[in-house]
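**Q** Give me a model of this one.
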Amino acid sequence: MNLVTFSKLQQLSEQNLPNIAKAKQEGRKVIGFYCLYSPIEIAVAANAIPVSLCGTRNEPIEAAEKVLPRNLCPLIKSSYGYAATDTCPYFRFSDLVVGETTCDGKKKMFELLAKFRPIHILQLPQTQETDGALSFWYDEIVKFKKKVEKVTGVEITDERLSEAIKLTNQERKAKKALMDLPKMNPSPISGIELLTVMFKTGFFMDKRLGIALMNEIVDEFRRKGNPAESPFHPKTPRILVTGVPVGLGSEKVVRLIEKAGANVVCLENCSGYRSVFMIDENKEPLQAMAEKYLSTPCSVMSPNPGRIKLLDELIEDFSVDGVIDLTWQACHTYNIESYQIEKFVSEKWGLPFLHLETDYSESDTEQLRVRIEAFLEMVKS
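**A** As a prediction, the model looks like this:
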């Protein structure tokens with residue numbers, strides 16, 4: 001990104017919190033979300049402000065460990081620590097916090113989180129492959145809609161939902177266009193730059209601002225199209241990172257990969273390509289939302305064929321040279337699923353594969369660096 005674009009992103013990010021504070025003073029409600037399974041369109045349709053909640057930094061974990069076990073996923077501990085220390089302004093602004101039963105650690109943590117803010121828990125099915133699962137999930141979304149109507153005092157009609165879906169689909173389209181830039185070889189943008197844009201725009205109160213900025217960045221890179229201006233060259237190893245979500249503060253593996261001389265061209269995770277599945281605008285809104293969100297290929301689903309299907313498409317589309325599977329410590333579902341992912345990557349594509357298990361701290365950075373550098377030597381050979 002050039003300095004002008006980055007400066008604009010930074011300026012809009014800094015203005016975001018004052019904008020939310022002003023909107024709250026004017027009577028708008030704020031609804032905080034943690035997970036990709038949560039349907040933000042319902043908040044948008046109620047003229048509430050949907051915000052992503054903090055959970056990607058190591059600093060709050062020490063406070064969380066006074067209550068939570070040390071051998072727990074860092075994402076869970078960070079999320080709780082932010083709430084316990086009152087250091088996430090988005091959590092502080094939230095009139096309602098939305099949790100979901102994706103894993104045992106999170107659902108038990110949400111019980112404790114309820115002492116800080118009103119919580120609504122979405123009971124998530126553990127499979128995507130039965131009609132009963134979809135019907136159950138549809139009912140959960142209906143319950144959530146009623147809860148948001150009660151909190152905001154706004155009736156959420158089908159017309160409002162349809163407009164909200166159109167807006168969030170525009171956001172997904174812009175995000176996908178941004179994430180598609182590294183299909184070019186060499187990529188015009190680094191993995192860290194991609195992650196920075198997606199992470200910061202994900203907090204924007206005004207989604208149209210984020211959409212416009214992402215489209216501006218994409219247009220800028222497409223206009224240039226000059227390989228000489230890329231930070232990489234055509235033989236730079238092209239790495240796909242799969243697994244757990246990554247954000248600013250938990251991006252050390254992405255940084256280490258690119259510092260070692262490779263390019264993270266694709267993120268197959270909840271902060272990457274899983275977030276751009278579109279909602280069918282021609283179906284009844286709640287049904288379309290239920291189908292879209294339930295199809296998210298997270299490792300909590302059993303079985304989880306959608307992840308293999310998505311990986312298959314991305315490996316081909318991005319001309320990937322190697323795959324790194326990232327798991328947070330104590331995330332059992334991703335840890336176990338890594339066996340199937342390695343088998344698929346090796347047998348179907350014949351690509352080098354590396355599984356990394358880590359947390360948010362810097363204590364294992366040197367060990368990770370050595371393993372990543374050795375992996376990249378294998379990719380190059």
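**Q** all strands of the protein, in order?
**A** Listed in chain order, the strands of the chain (DSSP state E) span 30-33, 49-52, 96-100, 119-122, 238-243, 263-268, 322-328, 353-358.
**Q** possible to save these as TSV with mean pLDDT?
**A** As requested, those are arranged in TSV below (pLDDT from 0 to 100):
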stretch	mean pLDDT
strand 30-33	98
strand 49-52	97
strand 96-100	98
strand 119-122	98
strand 238-243	98
strand 263-268	98
strand 322-328	98
strand 353-358	98
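**Q** What's the separation between the residue nearest the centre of the chain and Leu195?
**A** Geometric centre of the chain, nearest residue: Ser271, 2.1 Å, by CA atoms, centre = their mean. Separation of Ser271 from Leu195 (CB to CB, to the nearest Å): 7 Å. Every residue, glycine included, has its C-beta placed from N, CA and C.
**Q** One more: Cys103?
**A** Note on Cys103: its distance to Leu195, by CB to CB, is 23 Å.
**Q** measure Met301 to Pro89 for me?
**A** Met301 is 32 Å from Pro89, where distance means CB to CB.
**Q** Between these two, which is the more surrounded one?
**A** More neighbours surround Met301 than the other of Met301 and Pro89, with 23 against 16 (other CB atoms under 10 Å).
**Q** Over to that one: give its phi and psi.
**A** With angles defined as degrees, to the nearest 10, Met301 sits at phi -80, psi 140.
**Q** What residue, apart from its backbone neighbours, is nearest it spatially?
**A** Gln128 (5.5 Å; CB to CB, 6 or more residues apart in numbering).
**Q** need the contact list for that neighbour.
**A** Gln128 sits next to 134, 294-295, 301, 306 when contact means CB atoms under 8 Å, 6 or more residues apart in numbering.
**Q** On the pLDDT front, check it for me.
**A** In this model, Gln128 is scored at 96, pLDDT.
**Q** on that earlier part again, return every residue with contacts to both of Ser271 and Leu195.
**A** Common contact partners of Ser271 and Leu195 (CB under 8 Å, 6+ apart): 246-247.
**Q** circling back to that earlier point, quick one: the residue nearest to the centre of the chain and Val148, what's the gap?
**A** Separation of Ser271 from Val148 (CB to CB) stands at 24 Å.
**Q** Likewise for Gln123?
**A** Look at Gln123 and Val148: by CB to CB, they are 16 Å apart.
**Q** Which of these two has more residues huddled nearby?
**A** More crowded of Gln123 and Val148, by other CB under 10 Å: Val148, with 23 against 12.
**Q** Could you pull up the contacting residues of the more buried one?
**A** 31, 42-43, 46, 48, 96, 154, 156.
**Q** residue boundaries of the helices in the stretch 51-200 of the chain?
**A** With helices called from DSSP state H, counting those that start in this stretch, the stretch 51-200 of the chain shows them at 61-64, 74-85, 89-93, 104-113, 131-152, 158-179, 191-201.
**Q** Take the ones you listed and write them to TSV, including distance to Ile217.
**A** Converted to TSV, the helices of the stretch 51-200 of the chain look like this (distance: least, CB to CB, whole Å):
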stretch	distance to Ile217
helix 61-64	32
helix 74-85	27
helix 89-93	23
helix 104-113	32
helix 131-152	32
helix 158-179	6
helix 191-201	6
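**Q** Let me know which of these is tucked in deepest.
**A** helix 74-85 (a mean of 24; mean count of other CB atoms under 10 Å).
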